[in-house]
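**Student:** need a 3D model of the sequence below.
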Amino acid sequence: MNDIVRALTSGDERKGQGWPGACEAVEKVKLKLKAQAVVCAVVCAAISPHVAAQTLIDLRTQAKSADFSSMGRTKPAQTGAALPATCSVGEVFFLTTAPAGANLNVCASQNQWSAPSASGGSGSGVTLEADGATIGTATALNLLSTSGSTVTANQAGNTLAISVSPDSSLYATRVNMQNGGDTYCVPTSGNPTVYTCSLPAPLTTYADGMRILWKPDVTCTGGVTTTLAVDGNPAQSIYQNDGVSNPLASQCAASTQVLLAYSGALNSGTGGWRIISGSSGSTSGSSAVTSTMDLPMGGFNVNAAGVYPGWAIDHAGTSFFADGDVPTITLASTGSAFAARPLRLPSNWDPTTPLNVMVTLAGFGSGGNISVNASFACLGVGSTASTNYGSAVSSSGLTSTATFGNLTLPNVSPNGCTPGQMAVLKIARDNTVSGNSTDAVAIVGVAVQWTSR
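**Tutor:** Residues are numbered from 1 along each chain as shown. Predicted coordinates:
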């Protein structure tokens, strides 16, 4: 450049000789510039790898169709022993402390990490066990609410909270057990023979042995068919504890609490309710008690001329006062000698148990065997005792030489009788027994023993 300037400013320019010198200088400069350009190109080529290594590229804006398949190693996710406290949607994090298959976490919502393998994504899944026994391996766990329980699940971050709650409409609670609410039956029908009620938890069907606490809204008529229907189920008859007799009015008084038990065997297999405890006249489930009732032979008349025994006598000989004080009935040694008398069976007798009959006899003779038997007949409408006696129970072992002797005739069946019903007890002498005494035998006393309910 300096040569060009000097040529243009020399004195020869006025003679027209400065311009050729300037042109020559320009050509020399061009040659120098070309040489310098070549040097620069070589230098740039040499240093370009180092320059590129120091340049940071924003893959989000500068990359296009990034393909890492041929790279030797790739690590596209952050790693660490704990999940970051915050994240933005789409971030991926490899949790090194998680079980194999559950390491990869994604940020599905703001600051919420989730592991795909724990919710049905990739991974080997989780092995499920019950009481130590392996059920299987799965990548999804489905919690189901079944009849009687409700399952709820909530997720807070990486914590899944599961709770199971019992259905109080199906399971008894302590409060309901204490106040009897689950079985409390309070009718509002206002009918003394037809009752209906609903339980707090609707009853789907009757079952043997089930119990309900019945509180009649009105006193039952008593002595007639009385029914109770629960929660729309069929009306079933209510019976006394014997399972046969209609309830008494005193057993289902208004506003009293009566415990009923259901039995499908009652009412010829169609089912019914049995009163097992309640108001006056009903029975309780307490331990059985044995009671005894005496049946006197008779009483004194005003002139002591005879006995009015209350016993019907057939082939029995003469009734008299033994020892002048004790009224007796003699049973002859021939024929069908018996004595019978009516009585009302105890109202608290348990009809599932037989009756015992105890007979006190006095022998008047020199020898021979004595055998007697006992049987009951129920007195019902249109029936007579003679056609209604049950099987006789016999007892022997006394001889006519005994002054007094007691015979117990156990397990005498009342032949379908019910508590409180009128019946006839027959005491007969068995004159067909081997070695039968030829002497008359005196009945001094008779007693009936029963088990109360």
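
**Student:** pop the domain breakdown of this structure in here.
**Tutor:** Split into domains by automatic domain parsing, the chain comes to 2-40, 77-115, 177-277, 291-452.

**Student:** need the longest strand for the chain.
**Tutor:** Longest strand of the chain, by residue count under DSSP state E: strand 441-452.

**Student:** rounded mean pLDDT for it, please.
**Tutor:** Averaging pLDDT along strand 441-452 gives 81.

**Student:** dump that strand to PDB, keeping only the CA atoms.
**Tutor:** Extracted in PDB, the C-alpha atoms of strand 441-452 (Å, rounded to 0.1, in the frame of the first residue of the first chain):
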ATOM      1  CA  VAL A 441    -102.800-103.600  96.600                       C
ATOM      2  CA  ALA A 442    -103.500-100.200  98.000                       C
ATOM      3  CA  ILE A 443    -102.400 -97.000  96.200                       C
ATOM      4  CA  VAL A 444    -101.400 -94.600  99.100                       C
ATOM      5  CA  GLY A 445    -100.000 -91.700  97.000                       C
ATOM      6  CA  VAL A 446     -99.300 -90.600  93.500                       C
ATOM      7  CA  ALA A 447     -97.000 -87.700  92.400                       C
ATOM      8  CA  VAL A 448     -96.000 -86.300  89.000                       C
ATOM      9  CA  GLN A 449     -92.500 -85.000  88.400                       C
ATOM     10  CA  TRP A 450     -91.600 -82.700  85.500                       C
ATOM     11  CA  THR A 451     -88.800 -80.600  84.200                       C
ATOM     12  CA  SER A 452     -89.700 -76.900  83.800                       C
END
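
**Student:** tell me the buried residues in it?
**Tutor:** Using 16 or more other C-beta atoms under 10 Å as the test for burial, strand 441-452 gives 441, 442, 443, 444, 445, 446, 447, 448, 449, 450, 451, 452. For glycine as for every other residue, the C-beta is placed from the backbone atoms N, C-alpha and C.

**Student:** what's the answer for stretch 132-146, then?
**Tutor:** Neighbour counts over stretch 132-146 (16+ other C-beta under 10 Å) mark residue 139 as buried.

**Student:** for that stretch, measure first residue to last.
**Tutor:** Start to finish, the residues bounding stretch 132-146 are 23 Å apart (C-alpha to C-alpha, to the nearest Å).

**Student:** now swap in stretch 432-439 and tell me
**Tutor:** Stretch 432-439 has its terminal residues 14 Å apart, counting by C-alpha to C-alpha.

**Student:** show me where pLDDT drops low in the stretch 251-400 of the chain?
**Tutor:** Low-confidence segments of the stretch 251-400 of the chain (pLDDT under 70): 278-290, 292, 296-327, 363-366, 380-388, 390, 393-400.

**Student:** can you show me the helices along it?
**Tutor:** 266-269 (DSSP state H, counting those that start in this stretch).

**Student:** surely residue 240 meets residue 276?
**Tutor:** No. Checked against C-beta atoms under 8 Å, the pair residue 240 and residue 276 is beyond contact range at 9.9 Å.

**Student:** and residue 65, how many neighbours?
**Tutor:** Using other C-beta atoms under 10 Å, residue 65 has 4 other residues around it.

**Student:** who touches residue 162 in this structure?
**Tutor:** By C-beta atoms under 8 Å, 6 or more residues apart in numbering, the residues touching residue 162 are 143, 151, 152, 153.

**Student:** which members of the residues you listed are the farthest-apart pair?
**Tutor:** Greatest spatial distance among the contacts of residue 162 (C-beta to C-beta): 143 and 152, at 8.6 Å.

**Student:** which helix or strand contains residue 212?
**Tutor:** strand 211-214 (DSSP states H and E).

**Student:** show me which positions of that strand end up buried.
**Tutor:** Residues of strand 211-214 classed as buried by neighbour count (16+ other C-beta under 10 Å): 212, 213, 214.

**Student:** residue 189: neighbour count?
**Tutor:** Applying other C-beta under 10 Å, we find 15 residues neighbouring residue 189.

**Student:** run through the bridge partners of the residue nearest to it when sequence neighbours are not counted.
**Tutor:** Setting aside the residues directly before and after it, residue 189 is nearest to residue 196 in space (C-beta to C-beta, 6 or more residues apart in numbering), at 5.1 Å. Beta bridges link residue 196 to residue 229, judged by DSSP bridges.

**Student:** distance check, residue 196 against residue 218.
**Tutor:** Using C-beta to C-beta, to the nearest Å, one obtains 12 Å as the distance from residue 196 to residue 218.

**Student:** which stretches in the stretch 301-450 of the chain count as strands?
**Tutor:** Secondary structure of the stretch 301-450 of the chain, counting by DSSP state E, counting those that start in this stretch: strands at 312-314, 319-322, 326-331, 338-344, 355-363, 369-378, 393-399, 405-412, 422-429, 441-452.

**Student:** just so I know, which of those lies nearest residue 61?
**Tutor:** The nearest among the strands of the stretch 301-450 of the chain, by C-beta to C-beta, is strand 441-452 at 101.0 Å.

**Student:** residue 274 contacts residue 243, correct?
**Tutor:** Yes. With contact defined as C-beta under 8 Å, residue 274 and residue 243 form a contacting pair (5.4 Å).

**Student:** need the residues touching each of these two.
**Tutor:** Joint contacts of residue 274 and residue 243 (C-beta under 8 Å, 6+ apart) are 263, 266.
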